[in-house]
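Chemist: quick one: sequence and predicted model below, then my questions.
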Amino acid sequence: MSVIKVDNISKNFGETKAVQRVSFEVPKGCIFGLLGPNGAGKTTAIRIINHILIADSGTVTVNEVKVSPETQRMIGYMPEERGLYKKMKVGEQLIYLAQLKGLSHSEAKQSIKYWLDRFEALDWYNKEVGELSKGMSQKIQFIATIAHDPDIYIFDEPFSGLDPINSEMLKDIVIELREKDKTILFSTHRMEQVEQMCDDICLFNKGKAVLKGNLRDIKKSFGKNTINIEFQGDHTFLDDLDNVRINNRSTNFAEIRVLNGQSMQHILKTAMEHAEIYKFERIEPSLTEIFISTVGEDNINPNELT
Amino acid sequence: MNFQQILLVLKREYTTRIRSKAFIIATILIPLGMVAFMGIGIGIAVWDSQPVHTIGIIDQTHRIYPQLKNLAPDRYKDYSSLPEDSLRSMVQNEKIDGYIALNDSILNEKASPEFVSSGAGGLSLQTTIQSDLREAIRKVRLDQAHVSKNVQDIYESKIELKIRKLSKEGKETEDDTGFLTAVGVIMGVIIFMSVLGYGGLITRSVIEEKTNRIIEVIASSVKPIELLLGKMAGVGALALTQIAIWIISIMGLATLAGPIISSYIAEKVPDQTAQAAAAQSSQGINPSAFTIPTIEPSLIILFVIFFILGYLIYSSLFAAVGAAVDSETDTQQFMFPIMLPIMIGYFIMFRAMANPDSTLAVVGSLIPFCAPIVMITRVAITDVPIWEILTSILLMIGTFVGTMWLSAKIYSVGILSYGKSANFKELLKWVRE
């Protein structure tokens, strides 16, 4: 069953076509990744799901309800641009935000005390947010997102700006939430995070959804057309190979995507002539590679992909 | 629209601000500041000594100078023995500030005397000399015409105007136009300042939510229009609280101060009071009545109504400015078109103060952007026809609906556009979307 159903939505800002006829479905209890370079339309799509923006055409339903103030309460949303009132006390602020999501004052207080206690932050209750360190206020931001115990969680670029400790904590929370059969949608332009966490993905490029589905199925469909090679010695032979695309290259490691039926044996032979081979492995392509081969090399600003 | 959400936003805006030091300090300091400001103004007027200007007089009639000397012995010096040329050089050397040559033609042929001035003394000196000369010459002419003492007394008598006001109910009271004018102007100024001050607060509050980046978190729970209305209502409630505190404390002080002032004056300085009474009676103020005239409750109710409507119209615009810009330094270009009408209203108010029924005042009190300031001043001073008040209120409500619509459009787009301030062209596009 799909908890979020995005059906053929488009959104223009003047001349800019931010989102064009995008459809995807998020199944219940999964971690769903929305990927793509910056400016691909991920945030616009997320804002439409959150009913912050209204789509020019198309529909979005959450738990079978058309997006509305009612569906907003089913979602915990942490935007990419996030922050808190600096001059308000932690407790008051969290209660206010939870009340806006429909909790009563006492429900809100109870839930907030529980989460502050879990993060060992109960003594921040009466502190102003401005007094907290960046890491501390990031924790408060999580609590603000999850305190009303929604079914669906949407995080827009959640790991950008997070310190490593909070990054780990967020991953733990996300995994814990999925165990409770909650649904999580997050967007990122960092592919390796998706590989680690996501069940399903939707790939965005220039406002269009170019690839979507179960991550494992997608990878399988691309076949084992990629080589992971580890070696010692002169690495310039990599430059002489034809019909390949080299990702993730360093002095003694390379990920080589084989194109146009180039023979893998030939690559191995060339490599052996120039260097000592430690490892030569046929694998499924990385998500970065999938993305590049889907949208075409010319359509990508390489700075926006890592 | 969800009223619950608006109420939550309102409550937050109100409670976080009313506890802030800034609010408490402003509530205390603004009235003190106003009193100090007026005090300084009066103090300057009192302490500013009139410099003595010396005017040389060549009096060939030998009759006008003695009269001038009676009027102001320090100002006029008799140089009748000197030729005009040497007075000219004295003016050039700044030994005297000017001279006047008076001859018989002035008395007989009604020629105008000529004042040769170094330019010192400004307008007030010229006016003084003119009135001195008029009086002196009139006296000499009367003498010359051998007019009887009776007639001369008639010329010297001063007429006072005693004013009593007859209300519609037939009650006759001491005239309190002066007092009511002061009340009207103070009310107008309070509305003017509060609308600007609290409007600015709204702008800053909107910008703050954008720069804090909390706005998107809020927008995922609340509709922009709910947030905007809640914010305006919360800050408006704050403004009303402040004004209520002021009105109550002024009323409290007034009831306390009346008896204290009278007893102070009666005990300590009876002589000066008598003198002051003599001086003031010529200005048409009755000094014996130290009781504070009453302010009609209906005036206070209208004041609150006009304040609220003025606040709503302007605060919706100020909120739109906050949504359109990225930082406070960028607000200038949008502030000007908003400030212009309220400044015009402010200046019309001072015309309305002197002449509350003039065309300018009536028109100004009907134009919704000026009405809150101009109308309250008129209502305080004079009896404004009820249909004018109602028309003004209806026009303001209509205008508010318009500004609110405009502001909501700009606000709902603006709060999510980070990083740069919009220009007028972009705003137009937002409104059309």
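Modeler: Perfect, thanks for sending it. Numbers count the residues shown, from 1 in each chain, chains lettered A, B, ... in the order given.

Chemist: now do the strands in the chain.
Modeler: No chain in the question, so chain A it is. A:2-13, A:16-27, A:31-35, A:57-62, A:65-66, A:75-78, A:152-156, A:183-188, A:200-205, A:208-214, A:226-233, A:244-250, A:253-258, A:275-283 (DSSP state E).

Chemist: nope, chain B please
Modeler: Using DSSP E, strands in chain B cover B:55-59, B:76-78, B:98-102, B:114-117, B:164-166, B:172-174.

Chemist: for the fourth one, name the packing helices and strands.
Modeler: Using 3 or more Cβ pairs under 8 Å, 6 or more residues apart in numbering or on different chains; DSSP states H and E as the contact criterion, the elements in contact with strand B:114-117 are helix B:84-92, strand B:98-102, helix B:122-144. All C-beta spots, glycine's among them, are computed from the backbone N, C-alpha and C.

Chemist: and the longest one, what does it pack onto?
Modeler: Using 3+ Cβ pairs under 8 Å, 6+ apart as the contact criterion, the secondary-structure elements in contact with helix B:122-144 are helix B:64-71, helix B:104-108, strand B:114-117, helix B:149-156.

Chemist: if we go to 10 Å?
Modeler: The helices and strands touching helix B:122-144, judged by 3 or more Cβ pairs under 10 Å, 6 or more residues apart in numbering or on different chains; DSSP states H and E, are strand B:55-59, helix B:64-71, strand B:76-78, strand B:98-102, helix B:104-108, strand B:114-117, helix B:149-156.

Chemist: mind putting these into TSV with distance to B:Thr403 and mean pLDDT?
Modeler: Listed next are those as TSV, based on distance: least, Cβ to Cβ, whole Å; pLDDT from 0 to 100:
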stretch	distance to B:Thr403	mean pLDDT
strand B:55-59	59	87
helix B:64-71	59	85
strand B:76-78	62	87
strand B:98-102	57	87
helix B:104-108	64	80
strand B:114-117	54	86
helix B:149-156	60	81
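
Chemist: any chance of those in a markdown table, plus mean neighbour count?
Modeler: Converted to a markdown table, those look like this (neighbours: other Cβ atoms under 10 Å in any protein chain shown):
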| stretch | mean neighbour count |
| --- | --- |
| strand B:55-59 | 22 |
| helix B:64-71 | 18 |
| strand B:76-78 | 19 |
| strand B:98-102 | 22 |
| helix B:104-108 | 15 |
| strand B:114-117 | 15 |
| helix B:149-156 | 10 |
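
Chemist: would you point out which residue of chain B is nearest chain A?
Modeler: B:Arg213 (3.3 Å; Cβ to the nearest Cβ).

Chemist: which residue is the nearest non-sequential neighbour of that residue?
Modeler: Once flanking residues are discounted, B:Arg213 sits nearest to A:Gly83: 3.3 Å by Cβ to Cβ, 6 or more residues apart in numbering or on different chains.

Chemist: tabulate the strands of chain B (a markdown table), appending distance to A:Gly91.
Modeler: Formatted as a markdown table, these follow (distance: least, Cβ to Cβ, whole Å):
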| stretch | distance to A:Gly91 |
| --- | --- |
| strand B:55-59 | 78 |
| strand B:76-78 | 80 |
| strand B:98-102 | 77 |
| strand B:114-117 | 75 |
| strand B:164-166 | 59 |
| strand B:172-174 | 58 |
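
Chemist: whatever residue of the stretch 1-150 of chain A ends up closest to chain B: what's it in contact with?
Modeler: Chain B sits closest to A:Gly83 of the stretch 1-150 of chain A, with a gap of 3.3 Å, by Cβ to the nearest Cβ. Residues near A:Gly83 by Cβ atoms under 10 Å, 6 or more residues apart in numbering or on different chains: A:129, A:137, A:141, B:209-217.

Chemist: low-confidence ranges in the stretch 101-250 of chain A?
Modeler: Under the criterion pLDDT under 70, no range of the stretch 101-250 of chain A is flagged.

Chemist: what residues does it have near chain B?
Modeler: Contact residues, the stretch 101-250 of chain A versus chain B (Cβ under 10 Å from any Cβ of the partner chain): A:101-102, A:129-130, A:141, A:144-145, A:148, A:154, A:156.

Chemist: reformat those residues as TSV; add neighbour count.
Modeler: Below are those laid out as TSV (neighbours: other Cβ under 10 Å):
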residue	neighbour count
A:Lys101	22
A:Gly102	19
A:Val129	23
A:Gly130	12
A:Gln141	24
A:Ala144	26
A:Thr145	24
A:His148	22
A:Ile154	26
A:Asp156	23
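
Chemist: which helix or strand in chain B has the lowest average pLDDT?
Modeler: helix B:270-281 (a mean of 47; mean pLDDT, DSSP states H and E).

Chemist: check contacts around B:Gln67.
Modeler: Taking Cβ under 10 Å, 6+ apart, one finds B:59, B:76, B:132-133, B:135-140, B:143 in contact with B:Gln67.

Chemist: re earlier: in this structure the residue of chain B closest to chain A contacts B:Gly419, no?
Modeler: No. Using Cβ atoms under 10 Å, B:Arg213 is not in contact with B:Gly419; the gap is 11.3 Å.

Chemist: any common contacting residues for these two?
Modeler: With Cβ under 10 Å, 6+ apart, B:Arg213 and B:Gly419 have common neighbours A:Glu81.

Chemist: and the two? which has more neighbours close in?
Modeler: B:Arg213 (16 against 7; other Cβ atoms under 10 Å in any protein chain shown).

Chemist: okay, the more buried one: pLDDT?
Modeler: We have a pLDDT of 87 for B:Arg213.

Chemist: which stretches of the stretch 1-150 of chain B have low pLDDT?
Modeler: B:50.

Chemist: next one: the stretch 251-400 of chain B
Modeler: In the stretch 251-400 of chain B, residues with pLDDT under 70: B:258, B:261-262, B:264-293.

Chemist: what's the closest non-adjacent residue to A:Ile54?
Modeler: A:Ile48 (7.2 Å).

Chemist: neighbours of the one you found, just the number please.
Modeler: Around A:Ile48 there are 25 residues (other Cβ under 10 Å).

Chemist: list the contacts of it.
Modeler: A:6, A:9-11, A:18-19, A:22, A:41, A:54-56, A:58-60, A:67.

Chemist: ok, it to B:Glu226 distance?
Modeler: Distance from A:Ile48 to B:Glu226, counting by Cβ to Cβ, to the nearest Å: 19 Å.

Chemist: equivalent analysis for A:Gln141, please.
Modeler: Distance from A:Gln141 to B:Glu226, by Cβ to Cβ: 22 Å.

Chemist: do B:Ile96 as well
Modeler: 75 Å.

Chemist: higher neighbour count, those two?
Modeler: With neighbours defined as other Cβ under 10 Å, B:Ile96 and B:Glu226 compare such that B:Glu226 has more, 23 against 19.

Chemist: for the residue lying farthest from the centre of chain B, give me phi and psi.
Modeler: What lies farthest from the middle of chain B is B:Ser81; by Cα atoms, centre = their mean that is 51.2 Å. Main-chain dihedrals, B:Ser81, degrees, to the nearest 10: phi -80, psi -20.

Chemist: the residue lying closest to B:Arg88 once chain neighbours are set aside pairs with what?
Modeler: Once flanking residues are discounted, B:Arg88 sits nearest to B:Val116: 7.1 Å by Cβ to Cβ, 6+ apart. Judged by DSSP bridges, the bridge partners of B:Val116 are B:Tyr99.

Chemist: quick check, B:Val116 in contact with B:Ile57.
Modeler: No. B:Val116 is beyond contact range of B:Ile57, at 11.5 Å (criterion: Cβ under 10 Å).

Chemist: which residues are common contacts for these two?
Modeler: B:87, B:96, B:99-101.

Chemist: ok, back up a step: could I get the contacting residues of the residue nearest to B:Arg88?
Modeler: So B:Val116 contacts B:55-56, B:84, B:87-88, B:91, B:96, B:98-101 (Cβ under 10 Å, 6+ apart).
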